[in-house]
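Colleague: next come a sequence and a model predicted from it.
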Amino acid sequence: MDILAKAQQLESQGHDVIHLEVGEPDFDTPESVKAAARQAIDQGKTFYTPATGLAELREAISGYYHKQLDAVVEAKNIVITPGASGALQLALSAIVDPGDMVLMAEPGYPCNRHFVHLLDGVTKSIQVDEQSQFQITHQHIKAHWEQQTVAVLIASPSNPTGTLIDKNEMQQIIKQVELNNGALIVDEIYQGLVYESRNFTAASLSQNVFIVNSFSKYFNMTGWRLGWLVVPDDYITVVDRLAQNLFLAAPTISQYAALAAFSNRNLSELSCRKDELKQRRDFLLQGLTSLGFNVKVKPGGAFYIYADVSSFTDNSFKFCQRLLNDAHVAITPGKDFGDFQSERYVRFAYTQSIEKLQQALDRISRFLLTC
């Protein structure tokens, strides 16, 4: 956030800043989704929905799992939430009591541990590197499980690395967590953005897994603040009660807008946008590598590149500050995602056009001559 605030300050002074720090693509929300929102407003559909969300939207998501991901997820197990953050808060609130422990990867999305601390739980960060594709494995879970551990939180594709957990390893993780009588939460908010590998959901492997997803990333609806949670049968009632008390309901207009997200026309448009993101990944990856950045694991999804900058600096945070101040390119330091080797890494978000990415590479090239 310090980097973003400084970037905005520079822009207010008239400087052109290239934003590769924020996890938000430059694509606008598809027109069919915006039209559905306008129609809902015109028809007066502006009142509260049930706490678990519009029945039609839950059915649409259920159909999406069946048609696109070959998974059986019943509508009754789907809860619509205010963004993926709302989904994660519901899942953790249903699982974690004071003193309970949740295992998660480091590096990882920084807000995850804060949600656990909000519930007076504790987190145990499992340090991961390129040896495990920057992902927790079932061996990690077996080695780090403690008496007070109640849950594991994983993400595939992940932030900040864009790496994936393959289907076989996901099955092993599910089995290991079940052996320990724990709960597994799988963050799949980048689930639609998988490039070479075959797309799948953990919901196709088990009905006892909490799945967090969102309309923000793949569906290009960041500001609409809408997500969903797939809930195991045993937790449906408690999650419903929690949703009533914590949120009352997700935004109504956003829910009606999201109904249009699953049309064939819209899904076709999103597929084209995914192809463009893949082109951006390949372009930026080649460019960064040629400049001397060390990308130890090729990202298979999301829209991030996690790069080792130790050949340029021993302090990635200062590196990011200097790059912004001197070259007006904003990227995210590894410090944002934990302490483990954070001084070595930075995250690039390829959320700008290839033309912008080329401009960024040109600026970075000139900047590196001063390092």
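Modeller: Cool, the structure landed.

Colleague: let's test this: mean pLDDT of the lengthiest helix in the chain, rounded?
Modeller: When the chain is parsed with DSSP state H, its longest helix is helix 264-291. Helix 264-291 carries an average pLDDT of 97.

Colleague: what about the residue nearest to residue 141 when sequence neighbours are not counted, helix or strand, and which?
Modeller: Once flanking residues are discounted, residue 141 sits nearest to residue 176: 4.8 Å by C-beta to C-beta, 6 or more residues apart in numbering. Any C-beta I mention is one placed from the backbone N, CA and C, and that applies to glycine too. Element membership of residue 176 [criterion: DSSP states H and E] is helix 167-179.

Colleague: by contact count, what packs against that helix?
Modeller: With contacts taken as 3 or more C-beta pairs under 8 Å, 6 or more residues apart in numbering; DSSP states H and E, helix 167-179 sits against helix 138-144, strand 149-155, strand 183-187.

Colleague: what about that helix, distance to the chain center?
Modeller: 21 Å (C-alpha atoms, centre = their mean, to the nearest Å).

Colleague: same question for stretch 172-188.
Modeller: 19 Å.

Colleague: end-to-end on that stretch?
Modeller: 17 Å (C-alpha to C-alpha, to the nearest Å).

Colleague: pLDDT on it, on average?
Modeller: 98.

Colleague: angles on the backbone of residue 67, please.
Modeller: Main-chain torsions, residue 67, degrees, to the nearest 10: phi -80, psi -40.

Colleague: need the helices and strands packed on helix 167-179 in a markdown table (columns: mean neighbour count and distance to residue 27).
Modeller: Listed next are the helices and strands packed on helix 167-179 as a markdown table, based on neighbours: other C-beta atoms under 10 Å; distance: least, C-beta to C-beta, whole Å:
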| stretch | mean neighbour count | distance to residue 27 |
| --- | --- | --- |
| helix 138-144 | 16 | 35 |
| strand 149-155 | 24 | 22 |
| strand 183-187 | 25 | 21 |
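
Colleague: to residue 331, which of the ones you listed lies closest?
Modeller: Closest to residue 331 of the helices and strands packed on helix 167-179, according to C-beta to C-beta: strand 149-155, at 20.3 Å.

Colleague: that closest one pairs with which strands?
Modeller: Strand pairing for strand 149-155, using DSSP bridges, gives strand 101-106 (parallel), strand 183-187 (parallel).
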